[in-house]
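Enquirer: the sequence and its predicted three-dimensional model are supplied below.
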Amino acid sequence: MCREIRKIISFILLSGLFLSPPLIALAQVEFNPQFIISDEEMQSTANWTQTDVQKFLQDRGSYLATLVAEDPDGLFKSAAEIIYDTAVKYQINPKFLLVTLQKEQSLITDDTPTQKQLDWATGYGVCDSCDLNGDSLLKYKGFGKQVDNAGGLIRWYYNNTDKSFVKKKDQNTTIDNQIIIPQSWATAFLYTYTPHIHGNKNFWRIWNTWFSQIYPNGTLLRSASSSEVWLIQNNIKRKFKNQSTLLSRADPKMIVTVQESELSNYQTGQEISFPNYSVLKTASSFYLLDYDTLRPFASADVVRQIGYNPDEFIEITDADIVGYQLGSVINASTTAPQGIVYQITDLNNSYYLFKDSTLYPITDKNIIATNYKDLAIEKHQLKDIKNLPVADLPLNFKDGTLLRVTDSSNVYVIENGKKRLIADVDTFAALGYNRNNVISVSAITAANILNGEPIFINGSLISSRNKYLGDSEVKVDDLFGSKIPSYLVAEYPSGRIISGKNIDKPRSIASMVKLLVGYEALNQDFNLAKFSVYSKTKNGAPGNNLALRNGAVIKNADLFNAMLIGSTNNTARLIGQSSGLSEASFIENINKRLENWGADDTKIVDVTGLDGKNKSTPRNLLKIFTRILDNPNLKTSLSKTKYTFKELPSKVGAKSHAISTPNKLVPLANANYKIIASKTGSTNEAGVVTVMLIETIKTKKQYTIITMGSTDIKNQEANKIAKWISTGKVKITSN
């Protein structure tokens, strides 16, 4: 058997060795506390105009888009004009001012801010113990003054780096008991402005969500206000000159519509001017355009011999092809320079791209429809190709293709030949992708594609429609006056915190861990329609357990409800281990997801919640619970207090189970609210921890209530807070 035939057959056999693709653990671009942004980024004003600032605010549905306020000179101007004028005045990037407005008071995504948020917009001059009505602070009060002072202070820092209190580039400084060596002056100034790692990590997250280049190579983008279509390639945007050029290279159904401000994050590259596979004619040469490569024809005679139609030649100048890469010469012996798809009928109907006299294996028919839809398909037999050279590696899907493994919920996007996991449904939605464009492929096909870095986007920062205000650095007062160690109450779903106490102090969280187990399992292909087998050795746990016999077979949906409603520990272990990951990897994934979410003060060490080192804060639990409630399966389970099911038939029988929640939450007499969803847990270290979503009877407004560290198993304090907030008489501090 000749070498090329063996290679052809080996591709067929090798594919069968993979039963499933390797599961990907979540990852993210790592936050480097030593380098938040560069000095060039901090001081750049060249790219944005006042119109750009205004458009940015409008794109996000910001209240600031229509705000008119006094500037420091007493002139009334739009918020965009105040921001832009400040940027120009102090030669500070307007993006810094926008991020600071969001970090301090959530003013970019908050469409209904309080006057207090506007008056102290950038947090300039404000501290936790400051009296905002004190004479020393009133001179800084007002939107225009706040923006001006924030920009002016950064410029003052640049001009006064010798001052002792200004943190220094390349010199040690201690932040939150951690040694930081700022690698840019901008980073040093951010720590001088906000001397906390968490606040600056939040700044970094916002900056990267808004101003980094998030779309993978191969993505087609179109502005919501224009018909122009752009290809993202090597982190620049390239415009298609016309529709025929677009159709020759891409599928218009893959176009993602974005705001104009999103496109402004990309530098503009060379226009895509000619349809793919065009024959271009200069005064002295002919070229075949193969995407971004120009392949010269050896002579005009070769063009005629291959059979190209002279009427379809595109006459160009040498200037038109500057920047193109030159490819291999097409001569009279070159076979199929554009390519033909071969279907080998006596080799399992396998497919190959035949191009330039070489065969390139195609392991999935979807690749043909995606990459080579305009190429002819010819049927051949093995004997016809036995003497043709075969490429060493199979062809892959082109960049920008969306994939999922059949029967899996995980979606990937192809970039630079690798598949990048889209971290969750929020990220998929924030990217603007369409589920109808996701191609289902076999586990074998997916396994043959290398893994790239997963993609995560904080969708709550994209628009006021999805706003989340729980990260705002606005001071939170204990308006209720609770006796328990920690609590908060917030508007749902916005997360605007109304009242709280010790909201940033980490405490043990007991069974709140099971909320994260449920969420992670659903994002790791824990299929509710399938089943799992219980092993006492692998899945056993101390404490509250579901009475399962070794070898019992249970529907995953029943396991899911038993864990969340009954707070059973062995079901949490079984669910984690049925996700396709080891329990250790499953926990690691939860912690990486928490980091992606910005829940920096939350740490999970086991799946049951029994370990006292499972910790979070009321503020973090608010963010987590808000995310949890976005999932309809989780929200439905958390709305129930009872659940019954029967095991599937197995060697140990099919036992019936009746589960009641250990949650002792009962609305107070004459309650003015109802509980929509809730979860309670308790351990010796945690005390009683409660998260609940309530709805007022009168106004139908919804609120999230978090309590931590209570000693009352009936959680009467949580109910008292619910009754208090449901009166409709509670006012957020406005001064």
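Expert: In hand now; what should we look at?
Enquirer: every contact and neighbour count from this point should use C-alpha atoms.
Expert: Fine.
Enquirer: flag every buried residue along the longest helix that the chain contains.
Expert: Scanning the chain for the helix with the most residues, using DSSP state H, yields helix 143-159. Of the residues in helix 143-159, those buried by neighbour count under the rule 16 or more other CA atoms under 10 Å are 143-155, 157-158.
Enquirer: please apply the same query to stretch 79-98.
Expert: Neighbour count says stretch 79-98 has 79-88, 90-98 buried, by 16+ other CA under 10 Å.
Enquirer: so after the longest helix of the chain, what's the next helix or strand?
Expert: The element immediately downstream of helix 143-159 (helix or strand, assigned by DSSP states H and E) is strand 173-175.
Enquirer: so which elements touch that following strand?
Expert: With contacts defined as 3 or more CA pairs under 8 Å, 6 or more residues apart in numbering; DSSP states H and E, the secondary structure elements packing on strand 173-175 are strand 178-180.
Enquirer: direction included, what does the strand it packs on pair against?
Expert: Applying DSSP bridges to the sheet, strand 178-180 is found paired with strand 173-175 (antiparallel).
Enquirer: who's in contact with the strand it pairs with?
Expert: Applying CA atoms under 8 Å, 6 or more residues apart in numbering, the set of residues contacting strand 173-175 from outside is K167, I179, I180, I181, Y191, P195, H196, I197.
Enquirer: check stretch 78-90 too.
Expert: Applying CA under 8 Å, 6+ apart, the external contacts of stretch 78-90 come out as 45, 49-51, 53-54, 57, 64-69, 71, 92-94, 97-98, 144, 147-148, 151-152, 155.
Enquirer: repeat that for stretch 400-411.
Expert: Applying CA under 8 Å, 6+ apart, the set of residues contacting stretch 400-411 from outside is 216-220, 370, 412-415, 421-422, 437-443, 446, 523-525.
Enquirer: how about that stretch: buried residues?
Expert: Judged by neighbour count (16+ other CA under 10 Å), stretch 400-411 contains these buried residues: G400, T401, L402, L403, R404, V405, S409, N410, V411.
Enquirer: likewise for stretch 119-128?
Expert: Across stretch 119-128, burial judged by 16+ other CA under 10 Å covers D119, W120, A121, T122, G123, Y124, G125, V126.
Enquirer: next: stretch 678-685.
Expert: S678, K679, T680, G681, S682, T683, E685.
Enquirer: what's the answer for stretch 414-432, then?
Expert: By neighbour count on 16+ other CA under 10 Å, the buried set for stretch 414-432 is 414-428, 430-431.
Enquirer: follow-up on the earlier one: tell me which two in the buried residues of stretch 400-411 are the farthest apart.
Expert: Largest separation among the buried residues of stretch 400-411 by CA to CA: G400 and S409, giving 18.3 Å.
Enquirer: show me the chain divided up by domain.
Expert: According to automatic domain parsing, the chain is divided into the following domains: 3-26+397-447, 39-211, 220-268, 279-326, 486-725.
Enquirer: that older thread, closest one to I232 out of the buried residues of stretch 119-128, please.
Expert: T122 (34.1 Å).
Enquirer: wait, is V53 part of a helix?
Expert: Yes: the secondary structure assignment for V53 places it in a helix, going by DSSP: H, G, I helix; E, B strand; the rest coil.
Enquirer: so what's the residue count around it?
Expert: Residues lying near V53 (other CA atoms under 10 Å) number 21.
Enquirer: what's near enough to touch it?
Expert: Here V53 is in contact with A80, I83, Y84, P94 (criterion: CA under 8 Å, 6+ apart).
Enquirer: sec struct for the nearest residue to the last one once chain neighbours are set aside, please.
Expert: Excluding its sequence neighbours, the residue lying closest to P94 (CA to CA, 6 or more residues apart in numbering) is A87, at 5.2 Å. Classification of A87 by three-state DSSP places it in helix.
Enquirer: can you tell me how far A87 sits from L515?
Expert: The gap separating A87 from L515 is 44 Å, by CA to CA, to the nearest Å.
Enquirer: equivalent analysis for A319, please.
Expert: Using CA to CA, we find A319 at a distance of 61 Å from L515.
Enquirer: and the two? which has more neighbours close in?
Expert: Higher neighbour count among A319 and L515: L515, with 22 against 8, using other CA under 10 Å.
Enquirer: doesn't that one fall inside a helix?
Expert: Yes: when three-state DSSP is applied, L515 is found to be in a helix.
Enquirer: wait, what's in contact with it?
Expert: Neighbours of L515 in contact, by CA under 8 Å, 6+ apart: L564, F625, I628, L634.
Enquirer: and the last one, what does it touch?
Expert: With contacts defined as CA under 8 Å, 6+ apart, L634 is in contact with L515, G518, Y519, I628.
Enquirer: host element of it?
Expert: helix 632-638.
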